[in-house]
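>>> Everything below, folded, please.
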Amino acid sequence: MSISKKTFKTIDEYIALFSKDVQNILKALRKAIKDVAPQAEEAIRYQIPTYKLNGNLVHFAAFKDHISFFPTSSGVEAFKEKLNSYKTSKGTIRFPLDEPIPFDLVKEIVRFRVKENLSKNNSNPKA
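Modelled structure (predicted):
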């Protein structure tokens, strides 16, 4: 689905743009992130779901044949050995829609990013 011309203000609105199958994956991804980082603030940045905790924590987005998870370049680099069966780039991991999403790995990456972001500046954890 092309969402480039759609506007939305919440992650719920973003998820609603997709088929039920994709919605279920996006909801599960959202839950995995919130399970590990319940204090993270939900937002829409760059027209995609974003979690903020002392800065950008992670983002995700749905595409025609994959879900992209954006844990920044440090999140990809720290888990590169565990990610060798997925397409990655500097700050992106692509999970094919026709394969199960590795939610345990997503949680590991989010935990890493929470620790990394909170170590930046402990005086302002909601920035």
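
>>> Against Lys80, how distant is Lys90?
Separation of Lys90 from Lys80 (Cβ to Cβ, to the nearest Å): 11 Å. Every residue, glycine included, has its C-beta placed from N, CA and C.

>>> secondary structure element for the nearest residue to Lys27 once chain neighbours are set aside?
Distance criterion Cβ to Cβ, 6 or more residues apart in numbering; nearest residue to Lys27, sequence neighbours excluded, is Ile15 at 6.4 Å. When elements are assigned from DSSP states H and E, Ile15 belongs to helix 11-16.

>>> packing partners for that helix?
The helices and strands touching helix 11-16, judged by 3 or more Cβ pairs under 8 Å, 6 or more residues apart in numbering; DSSP states H and E, are helix 20-36, strand 41-45, strand 48-52.

>>> The last one versus helix 20-36: what angle between them?
Put plainly, it is strand 48-52. Put simply, strand 48-52 runs at 10 degrees to helix 20-36, going by axes from the mean of the first three to the mean of the last three Cα atoms, to 10 degrees.

>>> quick one on the thing from earlier: give me whichever of the helices and strands packed on helix 11-16 is most buried.
Comparing these by mean neighbour count (mean count of other Cβ atoms under 10 Å), strand 48-52 ranks first with a mean of 21.
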